[in-house]
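Asks: kindly return the folded structure for what I paste below:
(chains A, B and C)
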Amino acid sequence: MIEFHLNSRSGLAPYLQLIQQVRHALRLGLLREGDQMPKVKDVAAGLAINPNTVLKAYRELEYEGLVAARPGIGTFVTGTLGGAPLSAHGPLRRDLQRWLAKARRAGLDDESIEALFASTFRSSAEDEGGMGRWAG
Amino acid sequence: MTAVIKTERLGKRYRRLWALADCTLSIPAGHVVGIVGPNGAGKTTLLSLAAGLLAPTAGTIEVLGGPPPENPAELARVGFVAQDAPVYAGLPVADHLRLGAHLNPGWDDALARSRIERLDLDPGQKAGKLSGGQRAQLALTLAIAKRPGLLILDEPVASLDPLARREFLQDLMEATAEQGLSVVLSSHLIADLERVCDYLIVLVASRVLVAGPVDELLATHHLLTGPRRDPATLPAGQQVISASHTDRQSTLLVRTSEPVLDPAWTVSEVGLEDLALAYMKQARPARRNHHLEVQQ
Amino acid sequence: MTWLAWRQFRPQATAAVVALATFAVLLAATGPHLAGLYATSGVTGCHIDSCDRLASNFLGLLGGIDTVVYMLGIAGVILTPAVIGIFWGAPLIAREFETGTFRLAWTQTITRTRWLAVKLALTGLAAMAVTEGLALMFGWWAAPIGEAARVTASQFPLGMGPFSLPAFDAHGITPLGYAAFAFTLGVTAGVLLRRAVPAMAVTLIIFVAVQIAMPLGIRPYVFPPVHTTASLSGYFSGGQTITPGGGFALAVDHVRSEPGAWIYSSGAVNAAGHPVSIMPAACVQNNDPLPCLASHGIRVAVTYQPTSRYWALQWTETAIYLALALALAGFCFWRVSRRRY
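Replies: Numbers count the residues shown, from 1 in each chain, chains lettered A, B, ... in the order given. Okay, here's the model as predicted:
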């Protein structure tokens, strides 16, 4: 079962953080179809946050088709994010490893690699008209 | 939505001082409502009026659709934990549970006992020997186990250490979710309330400065930074809560329901704490000027 | 609520029971001896002329222990209402205000009226029972002494008549009234002052003031006293003072035909009934001037309350204290029900 955490400094509203963590878990394969979501009261108690906040997150996830509530039983994962989980992208991962080796040979340190990647990612996202809600 | 607490120009005066003045609120049910304000602002007075411990000097107050609790039927629906969680120092924890059972027909003994067990409280220990956090938890247990519809807490975590504070709020949220409680709690620290409240009331110097759902407050308040500007020149729909200026720059906190279109402004979000502080500061300057006049 | 009131009262109840039991043991240990002495003293059914002497002898026989127990008993019964008022009454509500626990109690599913009523009733009835129980217990033990004291002239400490200040307060039904009053006085002080220690002090001061004022200012006037004049021989037992120059005064402390009566005042009067303070010249040099005075027609006038009035006075005084207690209790209910805290 997924365990939530809250970053009070993240600037992101708590319910959005919960949604983000669910989507991230789905991506990494930590959450699979059929898994049960923790009960609203347990999430509220664990994080010391308002139960309405949790309800809001679960409702939003349900609206996106990622979970479904079964009254009296619980809330369950029903969907995926579309596309195979990260583990299925073997070729992409190998390409990335090769590029990283090239960047190191060119003399870039870790921070420069990250900066290069971030700026290229951002400019390419802007060019393609803002793909993905959670960028930046 | 039904209102758990509804006041109309509510006021309470002690001798010559108005502890609460001209208070008009409609607190909706099903929320965790936070009342924040400095010490002496009137928070305890407002909560005591709602709990039926005080009678108003002016205005009216309605609790759960009826008068503040006086007869047993009304008293059963409202749970109250006063400041510093008073308990009977000479009675052990178990006897406090018996107190609850004897004095409340709606007492849920299983719930009370399971909470005491989970909290690791020794039933034989005298309540006077408990730590602050344990006392607060005992008082919360007494209030929750009578199965009220509304729970009123006066500065419940004010004197608790951070761990006790977190544990108390965790338990409160669990009970809220389980029983579908409406909760009204007060604090002089925003940080206590930020996590758990979805409705905020700012009370300063016996007056309500702002009240509303947290989401709505955060969405309608914006911090505007830009070149120096006289606040009076802003459009009518933008209410300036606080303004500070340097020789070249102005920083304004505004409340508005429309988007801010003026390109001169950089618009950023405001945190709940800064929002509340801005309102509290707004209430102060008048007093400071008065003080200076007297000195001269 | 009864459970809670009892649970809060339990430590004080235990202390009272222990104190009562200890005293009971003491009384039981010394009682039979005292009763035996009395049985053989001949005071019961004595002839009016010899009662005085027989009773005096009996009282003289009593040892140190009996005197101590008697003093303890009198002191105990007189002090118990004050102690109850201070330690049971004053903190009853004041402690709840002081510690803030009233905010816990008044937000349970119980009205303030019921809360106060149960606390008042439980502790108040216990207060009355403990005090009156102690008084009856002691009264049983001290009956011989009381009887002897009634028929003899006043001697301190054992021979004080039933109307005397300590004896009237310590016997009969009045202790119950005192306890009820002291208790409700304490509770009222606590309700008004909201702090236990000041309430205790105020209760003590007011209670002592009332307990002094009652026998001095009210008790004598409840029933009008009887006036009579008696001849100097036979009926007279008392004192005389003679000053140089022929002045004299007579004081009666015991009227033989009215044993145990409460003497308000007495003095010498002449045959016409007017007060006399100068001795007739003929009697001045006599060692025992009484027969000489009698032959000049001088009598003694006495104002007194007869013993037949004892129980009427007891019940009346108790009723006054109970009425005060009820009034104070009513005030407390009114005060607590106002939503001001």
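Asks: you'd agree residue B:147 is up against residue B:106?
Replies: Yes. Applying CB atoms under 8 Å, one finds residue B:147 in contact with residue B:106, separated by 4.9 Å. To be clear about C-beta, it is placed using only N, CA and C from the backbone, and glycine gets the same treatment.
Asks: which one of those two has more residues nearby?
Replies: More crowded of residue B:147 and residue B:106, by other CB atoms under 10 Å in any protein chain shown: residue B:147, with 16 against 11.
Asks: which residues touch that one?
Replies: B:106-108, B:111, B:179 (CB atoms under 8 Å, 6 or more residues apart in numbering or on different chains).
Asks: what are the ranges of the helices in the stretch 151-296 of chain B?
Replies: B:162-179, B:190-194, B:214-220, B:272-282, B:285-295 (DSSP state H, counting those that start in this stretch).
Asks: so does the helix or strand encompassing residue B:144 get close to chain A?
Replies: Using DSSP states H and E, residue B:144 sits within helix B:132-145. No. Using CB under 8 Å from any CB of the partner chain, helix B:132-145 never reaches chain A; the gap is at least 13.1 Å.
Asks: and the gap between the residue nearest the centre of chain A and chain B?
Replies: When CA atoms, centre = their mean is applied to chain A, the residue found nearest the centroid is residue A:24 (2.3 Å). Distance of residue A:24 to chain B, computed by CB to the nearest CB, to the nearest Å: 22 Å.
Asks: and residue 52, how many neighbours?
Replies: In the absence of a named chain, this looks at chain A. Number of residues near residue A:52 (other CB under 10 Å) recorded here: 21.
Asks: chain C, not that one
Replies: Residue C:52 has 17 neighbours, counted by other CB under 10 Å.
Asks: ok, for it, nearest residue in space, not its chain neighbours?
Replies: residue C:152 (5.1 Å; CB to CB, 6 or more residues apart in numbering or on different chains).
Asks: enumerate every residue touching that neighbour.
Replies: Contacts of residue C:152 (CB under 8 Å, 6+ apart): C:51-52, C:55-56, C:59, C:159, C:254.
Asks: what pLDDT does residue A:88 get?
Replies: On pLDDT, residue A:88 comes in at 66.
Asks: that should have said residue C:122, apologies.
Replies: Looking at residue C:122, its pLDDT reads 96.
Asks: low pLDDT regions in the chain?
Replies: Defaulting to chain A. For chain A, applying pLDDT under 70 flags the ranges A:82-88, A:128-136.
Asks: wait, chain C was what I had in mind.
Replies: Ranges of chain C meeting pLDDT under 70: C:153-159, C:233-238, C:245-246, C:340-341.
Asks: show me what stretch C:133-150 is in contact with.
Replies: Residues contacting stretch C:133-150 (CB under 8 Å, 6+ apart): C:20, C:23-24, C:27, C:30-31, C:34-35, C:37-38, C:41, C:43-44, C:55, C:58-59, C:62, C:66, C:69-70, C:73-74, C:76-77, C:80, C:155, C:158-162, C:167, C:170-172, C:175-176, C:259-260, C:307.
Asks: so where do the strands sit in chain B?
Replies: B:3-14, B:17-28, B:32-36, B:58-63, B:78-81, B:150-153, B:182-187, B:199-204, B:207-213, B:221-227, B:239-245, B:249-255, B:266-269 (DSSP state E).
Asks: how far out from the middle of the chain is the fourth one?
Replies: Distance of strand B:58-63 from its chain centroid, counting by CA atoms, centre = their mean, to the nearest Å, is 18 Å.
Asks: residues in contact with the nearest residue to residue B:164 once chain neighbours are set aside?
Replies: Leaving aside its sequence neighbours, residue B:164 sits nearest to residue B:133 (CB to CB, 6+ apart; 2.8 Å). Neighbouring residues of residue B:133 by CB under 8 Å, 6+ apart: B:160-161, B:163-165, B:167-168.
Asks: element containing the residue most central in space within chain C, please.
Replies: Nearest to the mean C-alpha position of chain C, by CA atoms, centre = their mean, lies residue C:169 at 1.0 Å. Taking DSSP H and E as the definition, residue C:169 sits inside helix C:165-170.
Asks: buried set for that helix?
Replies: Residues of helix C:165-170 classed as buried by neighbour count (16 or more other CB atoms under 10 Å in any protein chain shown): C:166-170.
Asks: what bridges to the closest residue to residue B:213 other than its chain neighbours?
Replies: Excluding its sequence neighbours, the residue lying closest to residue B:213 (CB to CB, 6+ apart) is residue B:199, at 5.3 Å. Here residue B:199 sits in beta bridges with residue B:33, residue B:213, as judged by DSSP bridges.
Asks: pLDDT wise, what is residue B:199 at?
Replies: So residue B:199 comes in at 94 (pLDDT).
Asks: who's in contact with it?
Replies: B:27-28, B:31-34, B:211-214.
Asks: can I have the longest helix seen in chain A written out in CSV, keeping just the CAs?
Replies: Assignment by DSSP state H gives helix A:110-127 as the longest helix of chain A. Output in CSV follows, covering the C-alpha atoms of helix A:110-127 (Å, rounded to 0.1, in the frame of the first residue of the first chain):
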residue,chain,number,x,y,z
ASP,A,110,27.1,16.5,-12.5
GLU,A,111,25.6,20.0,-12.0
SER,A,112,26.4,20.9,-15.6
ILE,A,113,24.7,17.7,-16.9
GLU,A,114,21.6,18.5,-14.8
ALA,A,115,21.5,22.1,-16.0
LEU,A,116,21.9,21.1,-19.6
PHE,A,117,19.2,18.5,-19.3
ALA,A,118,16.8,20.9,-17.5
SER,A,119,17.2,23.8,-19.9
THR,A,120,16.9,21.5,-23.0
PHE,A,121,13.8,19.8,-21.5
ARG,A,122,12.2,23.2,-20.7
SER,A,123,12.8,24.7,-24.1
SER,A,124,11.6,21.6,-25.9
ALA,A,125,8.5,21.5,-23.8
GLU,A,126,7.7,25.1,-24.6
ASP,A,127,8.2,24.4,-28.3
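Asks: buried stuff in it?
Replies: In helix A:110-127, counting by 16+ other CB under 10 Å, buried: nothing.
Asks: elements contacting that helix?
Replies: helix A:90-105 (3 or more CB pairs under 8 Å, 6 or more residues apart in numbering or on different chains; DSSP states H and E).
Asks: show me what counts as buried in the helix it packs on.
Replies: So helix A:90-105, judged by 16+ other CB under 10 Å, has buried residues residue A:103.
Asks: which residue ranges of chain C form helices?
Replies: Counting by DSSP H, chain C has helices at residues C:2-39, C:48-61, C:64-84, C:90-99, C:101-105, C:112-151, C:165-170, C:174-193, C:196-213, C:219-222, C:289-295, C:310-337.
Asks: good, wrapping up.
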